[in-house]
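Colleague: Provided below are the primary sequence and the corresponding predicted coordinates.
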Amino acid sequence: MTTAREIVTPDRTRLGTLKAEDAAAALGPAPAADTVGGRGGAHALLTHRVVDDTLLVRLQPRLSIRSRAAATLALEEVVAAYSLPHLVLEAPDIRTPAVLSTVLRTSRACRTRGTVLSVVVPDAPSRALLRDALTAAGRVYGSTGEALVAARRAVEVP
């Protein structure tokens, strides 16, 4: 018997339905008790909040190839729901194929919507890789603070 549950973000944005067995397959093996999600349960693929006129989204570090499509869809839905001019995307480990693919797909979606994308990547080699991959489609920063300041400055410029 298949059960489905509706995916709803913390601010009540509805992201559609996901069958229980599909969710388990997308998330991969359950995390250990001391990792994100704790107690071996399912964890969110991303978290988000609004800071000023900027949507701040953090991809979870355990993003796998199987959960890439769900993360990309969730990101596109959140960006569409808020329709803000700037998206700051925190990507903790860009060197995994799933995270890099999600960031590049999000870049295309932002370009289509006219949303300015800023990606936060903590380590220098990953920032260099991402700068080459994004070319003119997005900005890359080393910290969330830098990205938010740049987004604020862009809003202030007439």
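Modeller: Everything's here; your move.
Colleague: So in this structure, where's the weakest helix or strand by average pLDDT?
Modeller: In the chain, no helix or strand scores lower on mean pLDDT, DSSP states H and E than helix 20-27, which sits at a mean of 40.
Colleague: And the next helix or strand past that helix?
Modeller: Tracing the chain past helix 20-27, the next element assigned as helix or strand by DSSP states H and E is strand 46-51.
Colleague: Neighbouring strands of that next one in the sheet, and parallel or not?
Modeller: Here strand 46-51 is paired, per DSSP bridges, with strand 54-59 (antiparallel).
Colleague: and the longest helix for this structure?
Modeller: Longest helix in the chain, counting residues (DSSP state H): helix 97-113.
Colleague: quick one, it and strand 46-51 angle?
Modeller: Interaxial angle, helix 97-113 versus strand 46-51 (axes from the mean of the first three to the mean of the last three Cα atoms, to 10 degrees): 40 degrees.
Colleague: Parallel or antiparallel, list what pairs with whatever helix or strand comes next after helix 97-113.
Modeller: Under the assignment DSSP H and E, the closest C-terminal helix or strand after helix 97-113 is strand 116-120. The strands that strand 116-120 pairs with in its sheet are strand 86-90 (parallel), strand 139-141 (parallel) (by DSSP bridges).
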